[in-house]
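*Asks:* give me the fold of what follows.
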Amino acid sequence: MSVEPKDFDWWWGCWKDLFRCGNCWAYVGSSSLCPVCAHDYRNPEPREITIDGKLRTIPQAFAGALSWSHYVMLQLMHREWLRPLPEETNPSLPADHKPSSRVLIVLLFWTFFETMMTGFYETATGGLPKSVGADLLKRYNSIGSRLDRLHIVLFGTTYAKDLDQLGFTAVRKHLENVQDKRNAFMHGNPEAISDSLVAETVRMIPAFQEAWTQSFNLRCAKR
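*Replies:* This is a model prediction of the structure:
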């Protein structure tokens, strides 16, 4: 059965079977080899631990892919997509200055992306001396400067070029478009977030999630 945006799996499906590798912290699909360090998780053996003086055998557990806040954001985007639209939009807004009725999907998506990239760069600088990492994150504290200048400092290229290298040029172009339109929305042009931008954002959700995971594994997993 195909998955559509009305199904939560459209939003959650790429993440739900992922976990973090215990060796390198890459994102790993369930019942597979780690794509970075090749650790075999296909048949994880139970572990023996002592609890209250008794030896017990328990299955292995691994960190999931997303924080609770990011899971909630996916739920909110999905709920907003399913929300019935009013028959009439707000008449107090000029017809040519109205954003999409589902504008919140784009704003939530960009918040999701920005906060995921915060974790990306915190992990990327985690191997540096603490003061150096903190200084870099403070110096490059906007999403634009991190995707460009901080990425160059750390990896010698930009995040956009990483996405192109991984085969996700369409995702890169979409992120650039959303950033431009979101900034326009915040600075006096609410109509920049149109119905077509909302529809494209929803359509790109699975590809974006795959692109983000691969970019994290490329740059942030320990080698």
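
*Asks:* could you list the low-confidence segments of this protein?
*Replies:* Judged by pLDDT under 70, the chain has its weakly predicted residues at 1-2, 31, 88-92.

*Asks:* tell me which residue of it is furthest from the middle?
*Replies:* For the chain, the residue at maximal distance from the C-alpha centroid (Cα atoms, centre = their mean) is Gly53, at 42.0 Å.

*Asks:* if I look at it, how far off is Pro59?
*Replies:* Spatial separation of Gly53 from Pro59 under the definition Cβ to Cβ, to the nearest Å is 21 Å. Using the backbone N, CA and C atoms, a C-beta is placed for each residue, glycine as well.

*Asks:* helices and strands around the lengthiest helix in the chain, which ones?
*Replies:* With secondary structure taken from DSSP state H, the chain has its longest helix at helix 195-219. Applying 3 or more Cβ pairs under 8 Å, 6 or more residues apart in numbering; DSSP states H and E, one finds that helix 195-219 makes contact with helix 9-16, strand 27-29, helix 68-82, helix 103-124, helix 159-165, helix 169-186.

*Asks:* recalculate using a threshold of 10 Å.
*Replies:* In terms of contacts (3 or more Cβ pairs under 10 Å, 6 or more residues apart in numbering; DSSP states H and E), helix 195-219 is packed against helix 9-16, strand 27-29, helix 68-82, helix 103-124, helix 151-155, helix 159-165, helix 169-186.

*Asks:* list of residues touching the fifth one?
*Replies:* Which is helix 151-155. If you take Cβ atoms under 10 Å, 6 or more residues apart in numbering as the criterion, helix 151-155 is touched by 117, 120-121, 124-125, 128, 136, 139-140, 145-146, 157-162, 218-220.

*Asks:* mind running it again at 8 Å?
*Replies:* Tyr121, Ala124, Thr125, Leu136, Tyr140, Thr157, Thr158, Tyr159, Asp162, Arg219 (Cβ atoms under 8 Å, 6 or more residues apart in numbering).

*Asks:* now the fifth one: closest residue in space, sequence neighbours ignored.
*Replies:* With Cβ to Cβ, 6 or more residues apart in numbering as the measure, Leu150 is the residue that lies nearest to Tyr140, at 3.8 Å, once sequence neighbours are left out.

*Asks:* please name the nearest non-neighbouring residue to Pro44.
*Replies:* Ranked by Cβ to Cβ, 6+ apart and with sequence neighbours excluded, the top spatial neighbour of Pro44 is Gln60, at 4.4 Å.

*Asks:* and the gap between the nearest residue to Val103 once chain neighbours are set aside and Trp10?
*Replies:* Closest residue in space to Val103, ignoring its immediate chain neighbours: Ile193 at 4.8 Å, by Cβ to Cβ, 6+ apart. The span separating Ile193 from Trp10 equals 20 Å under the rule Cβ to Cβ.

*Asks:* follow-up on the earlier one: surely the residue nearest to Val103 and Asp180 touch.
*Replies:* No - the pair formed by Ile193 and Asp180 falls short of the contact definition of Cβ atoms under 8 Å, at 10.7 Å.

*Asks:* that'll do, ta.
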